[in-house]
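1. using only what follows, build the 3D model:
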Amino acid sequence: MDWQDILFKFVGGLGIFLFGIKYMSDGLQKSAGDRMRGLLEKYTSNPLLGILVGIGVTILIQSSTGTTVMAIGLVNAGLMKLRQAIGVVLGANIGTTMTAFIVGIKIEEYALPVIALGVIMMLFISKKKFQYAGQIVFGFGMLFLGLSTMGGGVKPLRELPAFIDMMTTLSEWPILGLVVGTVFTMIVQSSTATIGILQTIADEGMVDLYGALPILFGDNLGTTITAMMAAIGTSVAAKRTALVHVTFNLVGVTVFMILLTPVHHIIEWLGQGVNIRMQIAYAHGFFNVINTLYFIPLIPALAWFVTKAIPGKMQEIEFKAIYLDERLLATPAMAFGQAKHEIVRMGQFAKEALTDASEYFYNRDTKVSLLALQKEQLVNELNRKITDYMVKIQQQNGLAANESEKASGWFQTISDIERIGDHAENVVELTEFSINNKVEFSEDAKKELKEMLTIADQAVERALYALEHHDVAAAEEVLVLEGQLDELEVQFRKSHIQRLNQNLCTGSSGAVYLDLLSNLERVGDHSKNIAQFVMHEQEI
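-> Down below sits the predicted model:
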């Protein structure tokens, strides 16, 4: 028996199979546009809708782990509530069964012409949508080529007594099969891949359906490790979302292992007349659909459980725009007034993001950095929503001439506020770089940065106060503070060069220091823009 040939074909086939899945997934995502995250944000208002969206997104990206990790990110950013995320996670587990059904279709003999068709579509057709479709077709063909290569590699093992004994043991001891499936999926980090391998070796007659089921359930359990890893260092809500994924699969595996014999009979009945690869696909679908059905009424209990299991306070931020009402667009002047309120609210988030970023620089508290990034994301989303609303107001042509001129200035103010949020994010990222790379600042540098951060924070606070209260005196204070920031930046840059010449600080710390100075000086510039708009608005 040529062990090298077996190993090379198996490993190479696995690589081709994984590449096929990834390439097909990329093509599907490009064809659908970059809308999966938007779907998760917008269409998960109730758990049932969340399940449907979770199924759809997972089919599009061909990865339940990817959908779950995306949901964790949205919960961490405050863009999705825990109960919404539970529905998405349940749906993701159903959506991931699609690949198993694709693998169940035995068309390996057509893999090469399918690959050729995909290449032709990608290389010889200029339209993007056909190129993306070609990428899907090419990945589809590579998937089956990988399966065929793996199958050819493992086929000789059917004659090896030790391998036969091992598979017999797995059939006699289902718990052992469960462990094998779990560990293998944790290593490969893809239940789709391990289930594809299981379908392949089953098709070669190395394991029967009864022996394959515990391995299949273990594959579902093993995939939760990626979600758990994605939740490390995230917010309390994100950790709870990851625990939902683990609980769903752990409970499902426990129930199905207890009912292994009747489940086996059901799958045999459902899969009469089809190949074992498709029977395993049926089992995968049956496991996730049934598991989801009995979890739907338990969603409140599941939310309660993960909340108790992972205690901690969650800062609730009202993500949606609370002042923008589409019904008011019929009265543009009133709608404009509401938009102003929302812009001020957006500014408060930007200021809080900068304050949190400053605190993170001082105290190195990861929770504060996550809060800063969360608020910056909210600023970005409000920027989009307010801008769209303001455009609709302008299209109504119902504003007076002076109000229309003011509206143009408010557009610029929205941009300035959004940029302040961006600079807050930059401060967080520079602080993270300092921590990760053990960048040390001299005492003088720390003192100078603290002074800059304090004045920048004051400039933003006074600018937003002036904007909200139409206070020209506060706007004039901002101009003074912005002038101080400009002067301090020049002064501190000179001080930095002197420290470099005296070897009091390193090049890496100096680069971070200069970037921080630059970001804080620009915060002052955007605050000045807001203040000047307030002063100009009084003259209109």
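2. which residues in the stretch 201-350 of the chain form helices?
-> Using DSSP state H, counting those that start in this stretch, the helices of the stretch 201-350 of the chain run over 209-222, 224-230, 236-258, 260-270, 276-295, 299-309, 332-363.
3. tell me the mean pLDDT for the shortest one?
-> Averaged across helix 224-230, the pLDDT comes to 69.
4. what's the closest of the helices of the stretch 201-350 of the chain to P174?
-> helix 209-222 (4.1 Å; Cβ to Cβ). Yep, even glycine has a C-beta here, placed from its N, CA and C like the rest.
5. could you identify the helix or strand that succeeds the least confident helix or strand in the chain by mean pLDDT?
-> Within the chain, no helix or strand scores below helix 36-42, which has a mean of 59 by mean pLDDT, DSSP states H and E. Using DSSP states H and E, the helix or strand that follows helix 36-42 in sequence is helix 47-61.
6. what angle sits between that next one and helix 299-309?
-> 80 degrees (axes from the mean of the first three to the mean of the last three Cα atoms, to 10 degrees).
7. give the buried residues for helix 47-61.
-> 47, 50-61 (16 or more other Cβ atoms under 10 Å).
8. dump these into JSON lines; add distance to G95 and pLDDT as well.
-> Converted to JSON lines, the buried residues of helix 47-61 look like this (distance: Cβ to Cβ, whole Å; pLDDT from 0 to 100):
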{"residue": "P47", "distance to G95": "15", "pLDDT": "72"}
{"residue": "G50", "distance to G95": "12", "pLDDT": "80"}
{"residue": "I51", "distance to G95": "10", "pLDDT": "85"}
{"residue": "L52", "distance to G95": "10", "pLDDT": "84"}
{"residue": "V53", "distance to G95": "10", "pLDDT": "81"}
{"residue": "G54", "distance to G95": "6", "pLDDT": "82"}
{"residue": "I55", "distance to G95": "4", "pLDDT": "85"}
{"residue": "G56", "distance to G95": "7", "pLDDT": "81"}
{"residue": "V57", "distance to G95": "7", "pLDDT": "77"}
{"residue": "T58", "distance to G95": "3", "pLDDT": "77"}
{"residue": "I59", "distance to G95": "5", "pLDDT": "76"}
{"residue": "L60", "distance to G95": "8", "pLDDT": "69"}
{"residue": "I61", "distance to G95": "9", "pLDDT": "65"}
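9. can I get the helices of the stretch 201-350 of the chain in CSV with distance to N501?
-> Compiled in CSV, those are given as follows (distance: least, Cβ to Cβ, whole Å):
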stretch, distance to N501
helix 209-222, 57
helix 224-230, 45
helix 236-258, 46
helix 260-270, 74
helix 276-295, 65
helix 299-309, 56
helix 332-363, 25
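10. weakest of the ones you listed in terms of mean pLDDT?
-> What stands lowest among those, in mean pLDDT terms, is helix 224-230, with a mean of 69.
11. pLDDT averaged over the top helix by length along the chain - what is it?
-> Counting residues, the longest helix found in the chain (DSSP state H) is helix 401-436. If you average the pLDDT over helix 401-436, you get 88.
12. buried ones in that helix?
-> 406-407, 409-410, 413-414, 416-428, 430-431, 434.
13. likewise for stretch 294-306?
-> Buried residues in stretch 294-306 (16+ other Cβ under 10 Å): F295, I299, L302, A303, V306.
14. and the next helix or strand past the longest helix of the chain?
-> Defined by DSSP H and E, the subsequent element after helix 401-436 is helix 443-469.
15. remind me what that next one packs against, helices and strands.
-> helix 332-363, helix 401-436, helix 472-501, helix 507-539 (3 or more Cβ pairs under 8 Å, 6 or more residues apart in numbering; DSSP states H and E).
16. 7 Å instead?
-> helix 332-363, helix 472-501, helix 507-539 (3 or more Cβ pairs under 7 Å, 6 or more residues apart in numbering; DSSP states H and E).
17. in JSON lines: the ones you listed, plus mean neighbour count.
-> Output for the helices and strands packed on helix 443-469, formatted as JSON lines (neighbours: other Cβ atoms under 10 Å):
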{"stretch": "helix 332-363", "mean neighbour count": "21"}
{"stretch": "helix 472-501", "mean neighbour count": "17"}
{"stretch": "helix 507-539", "mean neighbour count": "20"}
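18. any chance of those in a markdown table, plus distance to M142?
-> Compiled in a markdown table, those are given as follows (distance: least, Cβ to Cβ, whole Å):
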| stretch | distance to M142 |
| --- | --- |
| helix 332-363 | 44 |
| helix 472-501 | 53 |
| helix 507-539 | 43 |
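19. show me what contacts the nearest residue to Y23 once chain neighbours are set aside?
-> Distance criterion Cβ to Cβ, 6 or more residues apart in numbering; nearest residue to Y23, sequence neighbours excluded, is G139 at 3.5 Å. Shown in contact with G139 (Cβ atoms under 7 Å, 6 or more residues apart in numbering): G20, I21, Y23, M24, G27.
20. then F305?
-> So F305 contacts T247 (Cβ under 7 Å, 6+ apart).
21. repeat the analysis, applying 10 Å as the threshold.
-> Counting by Cβ atoms under 10 Å, 6 or more residues apart in numbering, F305 touches R240, L243, V244, T247, L298.
22. nearest to G510, of those residues?
-> Nearest member of those to G510, counting by Cβ to Cβ, is R240, at 41.6 Å.
23. measure that closest one to V306 for me?
-> According to Cβ to Cβ, to the nearest Å, R240 and V306 sit 4 Å apart.
24. identify the contacts common to these two.
-> Joint contacts of R240 and V306 (Cβ under 10 Å, 6+ apart) are L82, I86.
25. just the buried subset of the contacts of F305, please.
-> By 16+ other Cβ under 10 Å, the contacts of F305 give R240, L243, V244, T247 as buried.
26. adding distance to N529, write the residues you listed out as JSON lines.
-> Converted to JSON lines, the buried ones among the contacts of F305 look like this (distance: Cβ to Cβ, whole Å):
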{"residue": "R240", "distance to N529": "41"}
{"residue": "L243", "distance to N529": "45"}
{"residue": "V244", "distance to N529": "44"}
{"residue": "T247", "distance to N529": "49"}
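27. for those, which one is nearest F361?
-> Using Cβ to Cβ, the buried ones among the contacts of F305 come closest to F361 at R240, 28.6 Å.
28. what helices or strands is the longest helix of the chain leaning on?
-> Counting contacts by 3 or more Cβ pairs under 10 Å, 6 or more residues apart in numbering; DSSP states H and E, helix 401-436 is packed against helix 332-363, helix 366-395, helix 443-469, helix 507-539.
29. for G222, find the nearest of those.
-> helix 366-395 (27.9 Å).
30. what angle separates that closest one from helix 332-363?
-> Using the same axes, to 10 degrees: helix 366-395 against helix 332-363 is 160 degrees.
31. for the record, mean pLDDT for helix 366-395?
-> 86.
32. about what we covered before: pLDDT at the residue nearest to Y23, what is it?
-> 83.
33. please point out which parts of the helix or strand where it lies sit buried.
-> Applying DSSP H and E as the criterion places G139 in helix 128-154. Within helix 128-154, the residues that count as buried by 16+ other Cβ under 10 Å are 131-154.
34. now stretch 196-216
-> So stretch 196-216, judged by 16+ other Cβ under 10 Å, has buried residues 196-204, 206-207, 209-216.
35. quick check, Q199 in contact with L209.
-> No. With contact defined as Cβ atoms under 10 Å, Q199 does not reach L209; the gap is 11.1 Å.
36. what's the overlap in contacts for those two?
-> L216, I276, Q279, I280.
37. now, which of the residues you listed sits nearest D457?
-> Looking across the shared contacts of Q199 and L209 and measuring by Cβ to Cβ, the closest to D457 is L216, at 55.5 Å.
38. give the contact list for that closest one.
-> 100, 177-178, 181, 191, 194-195, 198-199, 202, 209, 253, 256, 267, 280-281, 283-284, 287.
39. residues in contact with T431?
-> A357, S358, Y360, F361, Y362, R364, V368, S369, A372, V439, V512, L516.
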